[in-house]
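Enquirer: Mind looking at a prediction? Sequence and model below.
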Amino acid sequence: MNNISTKPLLLPIIIFGLLLIVAIFTEWQYDEAWTYTCIEDISVSKIIRYVDFNIANNHILNSLYFCCIQSLGVKNVLVYRIISLLMYWVYIIYVNNLLEANSQEKTNLLYKATLYLLPVISFFTLGRGYSIALAGLVMSLCHYKCYLQHSSANVLLGFVISGCISSISIFSFCIPFIAMLAMLVVMRFKELLNVRTIAILCITLPVLFYIYRMGQIINVADANIVGGESFIKNGTLSSIITFMCLYDYLPYKVFIVLKIAYVVTLVLAIAFLVIRKQWKIEFSIILVSFLLMIITHYALGAKYPFYRSVCYIPLLLYIGIATLDKKGVLLLPHVATVVLIGGINLFLLLKVALSPNTYDALKYTYERHGKILILNKYDPNIHLFNQLYFDNKIPYIQLENYEEDSLFYKLTDSVDYIICEKNKLNYQNKQQSFKMVYEYPFYAFYVRK
């Protein structure tokens with residue numbers, strides 16, 4: 001295998017600096033707070049066996065890291081995100097190696113920027129399992145392609161170990177790993193028939209069995225698992241486009257504009273690939289992954305994965321595009337659109353990180369000793385912040401279901417502080433009694449006048 005390139009590049013360093021700012025200043029996010037509170041007072045054995053914490057939010061490697069840090073009494077959220085920040089550099093190093101080793105022409109900065117700025121980079125700022133899964137995936141892909149060239153047992157071992165780590169970190173990432181394994185067996189069957197390579201490949205068996213068994217537990221225990229019964233419409237494919245176009249973070253009209261631009265330019269890019277007969281092994285991995293999703297859905301009753309659970313699909317797609325031997329003008333509009341989306345995503349991450357947040361609202365409430373704070377949404381951050389920073393001295397009510405509007409409006413008469421959707425207080429003229437103090441991307445903090 002080519003030596004892994006560690007030559008620093010200006011753009012990744014700048015991006016990392018911005019991601020570090022995001023990681024430092026962004027408050028505990030929903031899933032991070034959920035993980036922290038769920039693993040309190042449970043053993044490592046129970047975490048591994050998905051006992052008590054038996055939902056998809058239990059990203060096993062991340063949960064074990066949280067458990068270790070939590071046992072030391074650490075409260076600073078940045079410490080819980082250190083692994084993710086480190087994984088950014090693993091990701092960048094192996095992405096660069098793929099770009100340098102697998103393209104006959106030098107990859108220009110625009111194509112590199114698609115991989116440096118993909119929306120998945122937000123996971124490198126959070127204490128979640130996705131950062132390890134993404135880094136592990138590009139590591140396994142790098143070793144996989146290297147093995148096809150050199151057939152080294154050591155490289156095969158690197159492929160298997162990194163693929164297993166990626167799969168355990170986020171169970172849905174076992175799909176591209178299994179796809180690569182299947183393709184490898186088909187392409188190099190006779191070559192793999194020796195004791196050493198068989199022993200290496202057998203490492204995957206207990207790992208995949210563990211994922212299967214824990215996946216069964218999650219499917220039963222977690223009714224809100226991200227997934228569904230459709231592959232195309234309102235399914236896996238459409239969710240990938242929705243994820244790439246930042247549906248959760250943009251005004252709807254802006255999202256639609258980006259979605260149209262993304263889809264139209266993607267069709268042009270695919271047309272170029274078909275007409276020019278341009279093909280990379282990453283595209284094959286994507287197609288086999290899709291086939292595996294369909295097979296497991298019908299054979300095992302698995303849900304089709306949605307949104308971030310299949311964020312490896314755009315990653316593989318743009319690695320393939322960036323390493324094409326011949327790039328045409330029809331690719332440029334799509335590549336530019338992806339870079340634009342990535343830039344918008346990074347801007348939004350910074351905006352949220354540097355804006356007032358839920359902690360600020362709780363601190364405001366705590367310092368003024370007001371009456372009960374009410375929220376018309378369930379948010380584990382409230383419980384966590386109250387416990388970590390305010391000695392559980394902030395009385396609050398959380399309404400878990402949005403259909404409880406009548407109760408919400410009734411309770412507003414007896415509270416001093418409210419966190420709710422913007423303009424929600426306009427109904428029943430409640431806004432006359434409150435003023436907005438902080439505004440979040442989708443919510444606002446109000447105090448009684």
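Expert: On my side now, so go ahead.

Enquirer: show me the contacts for the nearest residue to S122 once chain neighbours are set aside.
Expert: Spatial nearest neighbour of S122, excluding adjacent residues (C-beta to C-beta, 6 or more residues apart in numbering): L349 at 5.8 Å. Just so you know, the C-beta spots here come from the backbone N, C-alpha and C atoms, and that holds for glycine as well. Listed by C-beta atoms under 8 Å, 6 or more residues apart in numbering, the contact partners of L349 are 18-19, 22, 26, 122, 125.

Enquirer: before we move on, what about L268?
Expert: By C-beta under 8 Å, 6+ apart, the residues touching L268 are 330-331, 333-334.

Enquirer: change it to 7 Å
Expert: For L268, the contact set (C-beta atoms under 7 Å, 6 or more residues apart in numbering) comprises 330, 333-334.

Enquirer: do the same with L330
Expert: When contacts are counted by C-beta under 7 Å, 6+ apart, L330 touches 268-269, 271-272.

Enquirer: Parallel or antiparallel, which strands does the one helix or strand in the chain whose mean pLDDT sits lowest pair with?
Expert: When the helices and strands of the chain are scored by mean pLDDT, DSSP states H and E, strand 373-375 comes last with a mean of 72. Applying DSSP bridges, strand 373-375 is found paired with strand 396-398 (parallel), strand 417-421 (parallel).

Enquirer: residues making contact with that strand?
Expert: Contact partners of strand 373-375, identified using C-beta under 7 Å, 6+ apart, comprise 365, 382, 394, 396-399, 411-412, 415, 417-420.

Enquirer: Between these, identify the one with the most neighbours.
Expert: I418 (26 neighbours; other C-beta atoms under 10 Å).

Enquirer: neighbours around the nearest residue to it once chain neighbours are set aside, how many?
Expert: Closest residue to I418 apart from its sequence neighbours, by C-beta to C-beta, 6+ apart: Y446 at 4.5 Å. Other residues near Y446 come to 25 when the count uses other C-beta under 10 Å.

Enquirer: do T37 as well
Expert: Under the criterion other C-beta under 10 Å, the count of neighbours that T37 has is 14.

Enquirer: Equivalent analysis for A302, please.
Expert: Neighbours of A302 (other C-beta under 10 Å): 20.

Enquirer: Which strand or helix spans L78?
Expert: Using DSSP states H and E, L78 maps to helix 77-80.

Enquirer: what about that helix, average pLDDT?
Expert: Here helix 77-80 scores 94 as its mean pLDDT.

Enquirer: List of residues touching that helix?
Expert: Counting by C-beta under 7 Å, 6+ apart, 23-24, 28, 32, 66, 69, 127 sit against helix 77-80.

Enquirer: who wins for most neighbours among those residues?
Expert: Neighbour counts for the contacts of helix 77-80, by other C-beta under 10 Å, peak at G127, which reaches 29 neighbours.

Enquirer: mind checking how far the nearest residue to it once chain neighbours are set aside is from A33?
Expert: Nearest-residue entry for G127: Y80, 3.9 Å, with adjacent residues in sequence omitted and distances by C-beta to C-beta, 6+ apart. Distance of Y80 to A33, computed by C-beta to C-beta, to the nearest Å: 10 Å.

Enquirer: ok, so of the contacts of L349, who is nearest Y212?
Expert: S122 (29.0 Å; C-beta to C-beta).

Enquirer: From the chain's centroid, how far away is the longest helix anywhere in the chain?
Expert: Determined from DSSP state H, the single longest helix within the chain is helix 252-275. Offset of helix 252-275 from its chain centre (C-alpha atoms, centre = their mean, to the nearest Å): 22 Å.

Enquirer: mind listing the strands for the stretch 151-300 of the chain?
Expert: All strands of the stretch 151-300 of the chain, identified by DSSP state E, counting those that start in this stretch, fall at 227-228.

Enquirer: which sections of it are below the confidence cut-off?
Expert: 223-226 (pLDDT under 70).

Enquirer: Show me the one of the strands paired with strand 373-375 that comes nearest E191.
Expert: Nearest of these (C-beta to C-beta): strand 396-398, 58.3 Å.

Enquirer: filter the contacts of L349 to the buried ones?
Expert: Neighbour counting with 16 or more other C-beta atoms under 10 Å marks 18-19, 22, 26, 122, 125 as buried within the contacts of L349.

Enquirer: Kindly reformat those as a markdown table containing secondary structure.
Expert: As requested, these are arranged in a markdown table below (DSSP: H, G, I helix; E, B strand; the rest coil):
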| residue | secondary structure |
| --- | --- |
| L18 | helix |
| L19 | helix |
| V22 | helix |
| T26 | coil |
| S122 | helix |
| T125 | helix |
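
Enquirer: Make TSV from those and add distance to I294 to it.
Expert: Output for the buried ones among the contacts of L349, formatted as TSV (distance: C-beta to C-beta, whole Å):
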residue	distance to I294
L18	39
L19	35
V22	36
T26	37
S122	29
T125	33
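
Enquirer: Identify, from these, the entry nearest to F209.
Expert: Nearest to F209 among the buried ones among the contacts of L349: S122, at 31.7 Å, using C-beta to C-beta.

Enquirer: From L348, how far out is the closest one?
Expert: From S122 over to L348 the distance is 9 Å, taken as C-beta to C-beta.

Enquirer: quick one: which of the contacts of L349 is nearest S140?
Expert: Of all the contacts of L349, S140 sits closest to S122, with 21.8 Å by C-beta to C-beta.

Enquirer: From T26, how far off is that closest one?
Expert: Note on S122: its distance to T26, by C-beta to C-beta, is 10 Å.

Enquirer: that older thread, show the backbone phi and psi for the residue nearest to I418.
Expert: phi -120, psi 150 (degrees, to the nearest 10).

Enquirer: List the beta-bridge partners for it.
Expert: Beta-bridge pairing for Y446 (DSSP bridges): I418, M436.

Enquirer: List the contacts of it.
Expert: Counted by C-beta under 7 Å, 6+ apart, Y446 has contacts 418, 425, 434-437.

Enquirer: hmm, who's touching stretch 127-144?
Expert: Stretch 127-144 is contacted by residues 31-32, 59, 61-62, 66, 80-81, 83-84, 87, 90-91, 94-95, 97-98, 120, 123-124, 155, 158-159, 162-163, 165-166, 169-170, 173, 176-177, 180, 184, 308, 312, 315 when judged by C-beta under 7 Å, 6+ apart.

Enquirer: roughly how far out does that stretch sit from the chain middle?
Expert: Using C-alpha atoms, centre = their mean, the offset of stretch 127-144 from its chain centre is 12 Å.

Enquirer: can I have it written out in CSV, keeping just the CAs?
Expert: The C-alpha trace of stretch 127-144 is given here as CSV (Å, rounded to 0.1, in the frame of the first residue of the first chain):
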residue,chain,number,x,y,z
GLY,A,127,-20.0,12.7,21.0
ARG,A,128,-21.6,10.2,18.8
GLY,A,129,-20.6,6.9,17.1
TYR,A,130,-20.7,8.3,13.5
SER,A,131,-17.3,9.8,13.6
ILE,A,132,-15.7,6.5,14.4
ALA,A,133,-17.9,4.7,11.8
LEU,A,134,-17.0,7.2,9.0
ALA,A,135,-13.2,7.1,9.8
GLY,A,136,-13.4,3.3,10.0
LEU,A,137,-15.2,3.1,6.6
VAL,A,138,-12.6,5.2,4.7
MET,A,139,-9.8,3.2,6.4
SER,A,140,-11.4,-0.1,5.4
LEU,A,141,-12.0,1.2,1.8
CYS,A,142,-8.4,2.3,1.6
HIS,A,143,-7.2,-1.1,2.7
TYR,A,144,-9.7,-2.9,0.5
